[in-house]
Each structure stands twice: as C-alpha cells, then as structure tokens.
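Visitor: coordinates only, sequence not included:
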Ligand SMILES: Nc1ncnc2c1ncn2[C@@H]1O[C@H](COP(=O)(O)OP(=O)(O)O)[C@@H](O)[C@H]1O
Ligand SMILES: [Mg+2]
C-alpha cells in the first residue's frame, strides 16, 4: 500500500515553475530515493510534500489523508518527519534540547525517556555531547543530531534531504548505514540525494528528477545499471 | 540616602520600561518585525483602566480589564494587519505598523478628546524605613515587574510553548518541521506583549495620573531603545536595557545641569553601546545562514 502518493504536483516560485507536475509514490517499508542534479527540484519536492511550500496544483495523499493543503505542523502530527537540507539544527540550543524539540508532538512521559535513550544508543556521539550547544558541533555531528531530532517524533515516513552533503567519505558511508538501519527498524524512507551511487545501492526504488520533471524510475538496481543514470550521475 | 531613593525610583521606572521592551523584543525575535504600534497598546490599556475605574473605582479590576482588552486588541491587530503581510518586505510591515499606531492614537482622540483625563489610581502614600522615604507605587511597580519577569523567564525556559518560541525565533521552517504551529506561537507572543503593555499602562498612571492619547509614544520609543541596548530579540536583554534606561533617567533628572538633556543622554547611550557592541549588551551574534 502506498504510504505517500504524490500526483501531478506543480510548484512555482513566483512565475518560475520549479516542479512541472511530478508523480511518485512511496510504499510502506520502502526506501525510495529521488536523485537529481543541483537545482532539479529535489528540495522543492520535499518541502512541498511536507507543507512548507504551497503547491499550485496536484495532490499529496499521505497515510489515507489528503494533505495537499494541510499546513506543515499538522502534517508532522500525522507522523511525517523531515531532515531538512543543511540540517538546520537549533544552533543556540543544546543537543538534548534539540532532541526535546524533535519530540514536540509527543508527551514527555516514560516513552519519551525511552525514545531519547534509543537515539543516544543509535548515535553514541550525541550522548557524549548531550549538553553541548548544537552550533558548536561538527558537520557530521549536526547531521546525526538532525536525524536524531527527526526520529524523536517516531515518524512513519522519514524524509532526508541530502544527508550526505558536505560530509567526509567515511561519514557518508556511516550515514547511509544508519538510514538502512532506521528502515530496517520499520520506518519508511524518502531520500533525496546527489550521491546517486550510494543512495541507489540502499534503495528499493528510485526516481530521477530533471529540471522539475521525473524522467526515469525503477528499482535501485535497475537505475544503477541504466546507461542514462550512469552517464549523468555516476560519472560514466 | 538620597542616592538610594533615586536608585529605587530609577529601577522602578526601568522596570516599567522593561515591561514595554519585552513586548518589542519578543515580537521582534519571533515575528521578525518591529511593532511600531506597541507603545500605543499602553495608551489603550490606560483608557481601559480609566473607564473601568470611573465605573467601579477598583484599580485591580481596571488592570484586569486592561489586560483582557489589550490582549484581545494586540491579537486582533496581528491577525488583521500583520499576518497577511508575512513574507512581505520589512518596510511594508513597518509602514503598516506605523499606520496602526496612528489609527490607535486617532481613535482614542476621537473617543476621549485631546484634554488629558485624570486617573487617580489610589492614594498610596510613602513608605519610610531606615531613613528612606519612598513612594509606595515605586515599590509596587518594582515588585510586580520583578515577579512578571521571573515568571516570563521560567515560562520561556521550561514550558513547551516557551521552547517553541525559542525554536520559532531561531528558524521558522525548522520549527514547523518539529510540528510547531508558528502562527499560533506568534499570536501568543503578541498576547504576552500586550498583557505586559497593560501592566506598564497601570504603572505609568500610578506615577503620573494624566492620560492622553500619546501616553505610550515616548515610553514606547525609550523602551524600544532599551530593547536595542539590551540586544533586540533577547528577553534578559530587554530587562537589563529597560532597567538601565530607567536608572540613567532617574539619576539624570536629579542633576539640574543635565536634567533637561535626559532623553538625549539615553539615546546617546544607545549610540555608544551600538558602536561598542552592535548586537547590544546581551544580543547574540547572528550566525550566517548557509
Ligand atoms: N526560494 C526560491 N525562490 C526562487 N526560486 C527558487 C527558490 N528555491 C529554489 N528555487 C529554484 O527552484 C529550482 C529547484 O530548486 P531546489 O528544489 O532547491 O533544487 P535541488 O534541491 O534539486 O537542488 C531551482 O531552479 C532553484 O533555483
Ligand atoms: Mg536541494
């Protein structure tokens, strides 16, 4: 069953059309990736789906709800969560306070304590630095924090916008490892990446976005093997 | 002894300024706008107290009515005048706020005329102890303000709504991704600012009973100055800035040679502090966004 179903979605910035009627779906339990070059419309797609940017036409159905016109904070309450491009952790708050922010939709009860312990287990680095101001963390640590924060709301669908951006190769591997792990624990993943090789390798299915349109789709392996993708995104 | 009396008077005036500065700074920090009409909410609070007092004679009832009416007014202004402009240029928002300010002042003038109304809150008299002779209203003002500031600080630090305010002030988009209703938080911020303005209105009328439609104009500007001195957007900054301006004003008024220049001195302090520390005393350096 499709957990997320996007149909003919169009988004404009003023007169410029950034998304030209894209359709895709994410099924429960899957890892789905949108790959595309810089400026293709990946971030626009992510932000429009979660209600941060309004769409001009088309529809977004999530978990049985039509959320096309639903404001972002209500969509988050429905169990969708996003690690935004550039992480955007709360720079002036501590690691712990950022995680508390992530659980904004939840009660601060025993389950909350358990959840935060789970995050600390998954990201031991965050446990070591829980009282540190987030703005002073390294890029990799901030990425872990952004992921941990997004997980605190226990989403059914976790969206990640270029989580590997600006990280060292070692950390990139680790981030993809963690994404796979999160998925294995039952969270559906919609991933956006420029790093096509690594993201296709962990994806069940993928779509290729080019200047606001989806031009290719298939399983991760199919796309990794396709000539177009090889030429354009995998360096030959 | 005289100096301690002056100091207490200054802290009392300063805490009134702080009540107003908090409204400016919280709205600026969270809605990213300069609410030029904030001072005029004080005036509306003043007239609400005037009406309630002439009906009931009870200052507590007056304060209560002022808080309720100012909150309703502040929230309504935000909804009608500012919310539709979210995302518009800061200049458009500022001009709208100036328009709202004139609208409030003119409306008050039409309703109440331009002759000052006398609002005698209560004859509180003076307190004498340890050789000091202090008007009771200064102590009430100081005490109430301190309690309000402590409660507000605890609210922001420890409640869910308070933490949401911090998140919204830092990054609206990220705050929405946490599930925070940003419009709701902005509304609450206007409500708090307006309630504090109502308190400021009462404190000012206790000090001087003359009420006109420009009651909030000069204190508004000074409190805004105080907010900038303390670091605009910073809650402790607004408190420190307000107290500082109040003490400077009180001290300056007791020295005959410089007393006439008191306002100028306050703005001079603003300029000096901004030259030394462009972000204000407790203002945070904005990190460059990537
Ligand atoms: N806030 C904006 N205002 C105007 N144009 C924008 C804005 N954000 C993105 N765009 C444009 O929309 C297109 C898609 O951008 P984006 O979704 O950020 O691409 P990607 O995430 O794939 O790099 C680009 O051409 C970009 O210049
Ligand atoms: Mg992007």
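Guide: Received, thanks. Predicted model, so just to flag it, every value in this text is computed and none were measured. Ligands and ions are numbered 1, 2, ... in the order given.

Visitor: just how off-centre is the longest helix along chain B within its chain?
Guide: Longest helix of chain B, by residue count under DSSP state H: helix B:2-31. Remark: helix B:2-31 is offset 7 Å from the chain centroid, using Cα atoms, centre = their mean, to the nearest Å.

Visitor: helices or strands next to that helix in the packing?
Guide: Contacting helix B:2-31 under the criterion 3 or more Cβ pairs under 8 Å, 6 or more residues apart in numbering or on different chains; DSSP states H and E are the following elements: helix B:38-56, strand B:132-135, helix B:136-158, helix B:160-170, helix B:182-207, helix B:217-230, helix B:235-254. In short, each C-beta sits where N, CA and C put it, glycine included.

Visitor: of these, which is nearest ligand 1?
Guide: Of all the helices and strands packed on helix B:2-31, helix B:182-207 sits nearest to ligand 1, with 17.4 Å by Cβ to the nearest ligand atom.

Visitor: list the helices and strands the helix or strand just after the closest one packs on?
Guide: Counting by DSSP states H and E, the next helix or strand C-terminal to helix B:182-207 is strand B:210-211. If you count contacts as 3+ Cβ pairs under 8 Å, 6+ apart, strand B:210-211 packs onto helix B:38-56, strand B:117-118.

Visitor: which residues touch strand B:210-211?
Guide: B:43, B:46-47, B:50, B:116-119, B:205 (Cβ atoms under 8 Å, 6 or more residues apart in numbering or on different chains).

Visitor: for the lowest-mean-pLDDT helix or strand in chain B, name the packing helices and strands.
Guide: Each helix and strand of chain B was given a mean pLDDT (mean pLDDT, DSSP states H and E); the minimum falls on strand B:126-129 at a mean of 88. On a contact count with 3+ Cβ pairs under 8 Å, 6+ apart, strand B:126-129 meets strand B:132-135, helix B:136-158.

Visitor: tell me which of the ones you listed lies nearest to residue A:24.
Guide: helix B:136-158 (41.5 Å; Cβ to Cβ).

Visitor: the closest one vs chain A: in contact?
Guide: No: residues of helix B:136-158 contacting chain A under Cβ under 8 Å from any Cβ of the partner chain: none, with a closest distance of 10.1 Å.

Visitor: next, the angle helix B:2-31 makes with that helix.
Guide: Here helix B:136-158 runs at an angle of 40 degrees relative to helix B:2-31 (axes from the mean of the first three to the mean of the last three Cα atoms, to 10 degrees).

Visitor: quick revisit: nearest to residue A:207, out of the helices and strands packed on helix B:2-31?
Guide: Here helix B:182-207 is closest among these (Cβ to Cβ), at 30.5 Å.

Visitor: check whether that closest one contacts chain A.
Guide: Yes: shown here: helix B:182-207 in contact with chain A (Cβ under 8 Å from any Cβ) through residue B:182.

Visitor: what helices and strands are in contact with that helix?
Guide: By 3+ Cβ pairs under 8 Å, 6+ apart, helix B:182-207 packs against helix B:2-31, helix B:38-56, helix B:59-77, helix B:136-158, helix B:160-170, helix B:172-177, helix B:217-230.

Visitor: ligand 2: which of these is closest?
Guide: Nearest to ligand 2 among the helices and strands packed on helix B:182-207 is helix B:172-177; the distance by Cβ to the ion comes to 13.4 Å.

Visitor: of the helices and strands packed on strand B:126-129, which shows the lowest average pLDDT?
Guide: Among the helices and strands packed on strand B:126-129, strand B:132-135 has the lowest mean pLDDT, at a mean of 90.

Visitor: sorry, back to before: now the helices and strands packed on helix B:2-31 in TSV, with mean neighbour count?
Guide: Listed next are those as TSV, based on neighbours: other Cβ atoms under 10 Å in any protein chain shown:
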stretch	mean neighbour count
helix B:38-56	24
strand B:132-135	15
helix B:136-158	16
helix B:160-170	21
helix B:182-207	24
helix B:217-230	25
helix B:235-254	23
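
Visitor: which of the ones you listed has the lowest average pLDDT?
Guide: strand B:132-135 (a mean of 90).

Visitor: parallel or antiparallel, list what pairs with that one.
Guide: strand B:126-129 (antiparallel) (DSSP bridges).

Visitor: thinking in terms of the whole chain, how far from its middle is the strand it pairs with?
Guide: With Cα atoms, centre = their mean, you get 28 Å for strand B:126-129.
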